[in-house]
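Student: Quick one, structure for this:
(one chain, ligands or ions: 1)
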Amino acid sequence: MKFKRHRRLRSSASMRSLVRENHLRVDDFIYPMFVIEGENIKNEVPSMPGVFQVSMDLLLDEVREVYELGIKAIMFFGVITAKDEIGTGAFVDDGIVQSATRLVKQEFPDVLVVADTCLCEYTDHGHCGVIHDHDVDNDESLKILAKTAVSQANAGADIIAPSNMMDGFVAVIRKALDEAGFTNIPIMSYAVKYASSFYGPFRDAADSAPQFGDRKTYQMDPANRLEALREAESDIEEGADFIMVKPALSFLDIIRDVRNNFDVPVVAYNVSGEYAMIKAAARNGWINEKQLVLEMLTSMKRAGADIILTYFAKDAAVWLKEDN
Ligand code: PBG
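Tutor: A predicted model of the protein is given here:
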């Protein structure tokens, strides 16, 4: 009887690595970090073991660790107490993310600082834009977001990553950056961002949970697939240089759709809830954390992601070295 012998190509570790189709590299990672006001603070986020809110005076030590592991890009989220209706803390020149960016770029000029451009960490209501009549006002929010992006670029951010899901945010931010002379600063658009329950731990870490309602009028319905293509298409038309899909793990099909339809770099955001679930299972001894995380991150590459934003970046960098 004739049949195919697929096992021939799996016969040894060397054979398997010869035919391996997808590879995870430390160059693929962006590491998200939480910067908090105050001094000498390093708070572990309870639902995210191994992830800390770090004050500015301890930040360089944290970034040095990341840098020495070979991770080339980081993203900052700010944690502040003085919030207001319009999220002033997001766009002031001495804002927490702006200050962190200046500090880090001075000490580590070749670390890429990615700025998350959103208002939810800075508004007292916790929404990603300004509120009128109990809903987020799209066009009013755009003005503040454009200001935020320019202030982040002024502070030295290398990439602007708007995560607010207002319509037109790429167009407005691109125009504002260009007018301010930042024609060479790329936009990494959170183009395809779902209204997901996987963001829970992040909202604890960044103190950014909406104080009323939810984000369903601006973030996408997790049931939708074609809508992802419309979102990605309009952002690319408006000038996005990268397209992000978020969350990643339950949305690998969407990563593949975006990869198949567009030719810009695709970023997968391996979000806080995905991190928390694995950490919890690992703490219980229910899974092999290293193997599972590497498998999961590789699956994002296989789905079509070029870049992965992940809280596992440091762990994965260590594990990838061990395996080499
Ligand atoms: C800001 C923002 C969020 C995340 C990244 N940027 C939260 C949200 O939309 O509520 C979530 C990241 C994560 O869960 O790791 N809008």
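
Student: got a list of what the spatially closest residue to residue 78 that is not a sequence neighbour touches?
Tutor: Spatial nearest neighbour of residue 78, excluding adjacent residues (CB to CB, 6 or more residues apart in numbering): residue 96 at 3.8 Å. Glycine gets a C-beta too; all of them are placed from N, C-alpha and C. Neighbouring residues of residue 96 by CB atoms under 8 Å, 6 or more residues apart in numbering: 35-37, 56, 78-80, 89.

Student: And the lengthiest helix in the chain, what does it pack against?
Tutor: As assigned by DSSP state H, the longest helix anywhere in the chain is helix 138-154. If contacts are counted by 3 or more CB pairs under 8 Å, 6 or more residues apart in numbering; DSSP states H and E, helix 138-154 sits against helix 96-107, strand 112-117, strand 159-162, helix 169-179.

Student: So which of these is nearest the ligand?
Tutor: Among the helices and strands packed on helix 138-154, strand 112-117 comes nearest to the ligand, with 5.3 Å by CB to the nearest ligand atom.

Student: Quick one: mean pLDDT for that closest one?
Tutor: Average pLDDT, strand 112-117: 96.

Student: Tell me where the stretch 151-300 of the chain has helices.
Tutor: Counting by DSSP state H, counting those that start in this stretch, one finds helices in the stretch 151-300 of the chain at the ranges 169-179, 200-205, 226-238, 252-261, 272-283, 289-303.

Student: Which of these has the lowest mean pLDDT?
Tutor: helix 200-205 has the lowest average pLDDT among those, namely a mean of 92.

Student: List the buried residues in that helix.
Tutor: 201-205 (16 or more other CB atoms under 10 Å).

Student: same for that helix, what does it pack against?
Tutor: Applying 3+ CB pairs under 8 Å, 6+ apart, one finds that helix 200-205 makes contact with strand 42-45, strand 48-55, helix 272-283.

Student: Residues in contact with it: which ones?
Tutor: 34, 45-48, 51, 53, 77, 79, 208-209, 271-273, 275-276.

Student: Any residues of this protein in contact with the ligand? List them.
Tutor: For the chain, the contact set with the ligand under CB under 6 Å from any ligand atom comprises 116, 118, 120, 128, 163, 199, 202-203, 208, 215, 271-272.

Student: Ramachandran angles for the closest residue to residue 241 other than its chain neighbours?
Tutor: Distances taken as CB to CB, 6+ apart place residue 186 nearest to residue 241, at 3.7 Å, with adjacent residues excluded. Note on residue 186: backbone dihedrals following degrees, to the nearest 10 are phi -80, psi 160.

Student: Residue 186 contacts residue 160, correct?
Tutor: Yes. The pair residue 186 / residue 160 is scored as a contact, 7.4 Å apart, by CB atoms under 8 Å.

Student: residues touching the residue lying closest to residue 292 once chain neighbours are set aside, list them.
Tutor: Nearest residue to residue 292 in three dimensions, chain neighbours excluded: residue 278, at 6.3 Å (CB to CB, 6+ apart). Counting by CB under 8 Å, 6+ apart, residue 278 makes contact with 287, 289, 292-293, 296, 312.

Student: Count the residues that sit near residue 14.
Tutor: 7 (other CB atoms under 10 Å).

Student: Assumed it was part of a helix.
Tutor: Yes. Using DSSP: H, G, I helix; E, B strand; the rest coil, the secondary structure at residue 14 is a helix.

Student: ok, now how distant is it from the ligand?
Tutor: Residue 14 sits 37 Å away from the ligand, going by CB to the nearest ligand atom, to the nearest Å.

Student: Please tell me how far that residue sits from residue 20.
Tutor: Separation of residue 14 from residue 20 (CB to CB, to the nearest Å): 11 Å.
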